[in-house]
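Asks: Prediction below, plus the sequence it came from.
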Amino acid sequence: MEPAAKPPPITRADALADIDALFDALERIHPDPYFIRPRDLVAAERRQITDTLPDAISLDQWWMRLATLVGSLSDGHTEVSPPPAF
């Protein structure tokens, strides 16, 4: 059995759209996403992630950045699941 092919990298534009959509959904659905970690600290970390995005990033690397950011909310039930091939 051959190993699964790695998915193509995600473009910077797609990654920026992803993080915007993620936080739009999070803020719309979660009753209080900033209960434990203040919004300004999350926003600063989000800005650091977006400011340092390369032109393309692997799905695994992108997931790790998003999972770390969402995990920093520390609410115990909000997460970004790993990609299927991870």
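Replies: Right, received. Where do you want to start?
Asks: pull the longest helix from this protein.
Replies: helix 12-29 (DSSP state H).
Asks: Now do the contacts for residue 26.
Replies: The contact partners of residue 26, taken as CB atoms under 8 Å, 6 or more residues apart in numbering, are 33, 70, 78. Glycine gets a C-beta too; all of them are placed from N, C-alpha and C.
Asks: what about stretch 44-64, start to end distance?
Replies: End-to-end distance for stretch 44-64, by CA to CA, to the nearest Å: 17 Å.
Asks: Now it: buried residues?
Replies: Within stretch 44-64, the residues that count as buried by 16 or more other CB atoms under 10 Å are 46, 49, 53, 57, 59, 62-63.
Asks: of all those, which two lie farthest apart?
Replies: Spatial extent of the buried residues of stretch 44-64 (CB to CB) is set by the pair 46 and 59 at 19.0 Å.
Asks: Let me see the backbone angles for residue 74.
Replies: phi 60, psi 40 (degrees, to the nearest 10).
Asks: Please tell me I have it right and it contacts residue 37.
Replies: Yes - judged on CB atoms under 8 Å, residue 74 makes contact with residue 37 at a distance of 6.0 Å.
Asks: Any idea which residue is closest to the centre of the protein?
Replies: The centroid of the chain falls nearest to residue 66 when counting by CA atoms, centre = their mean (2.1 Å).
Asks: Can you tell me the SS state at that residue?
Replies: State at residue 66, reduced to three classes by DSSP: H, G, I helix; E, B strand; the rest coil: helix.
Asks: Touching, residue 27 and residue 43? I think so.
Replies: No - contact between residue 27 and residue 43 fails when scored by CB under 8 Å: they sit 11.2 Å apart.
Asks: Quick one: residues contacting residue 80.
Replies: 22, 63, 66-67, 70-71.
Asks: ok, back up a step: quick check, distance from the longest helix of the chain to the centre of its chain.
Replies: 8 Å (CA atoms, centre = their mean, to the nearest Å).
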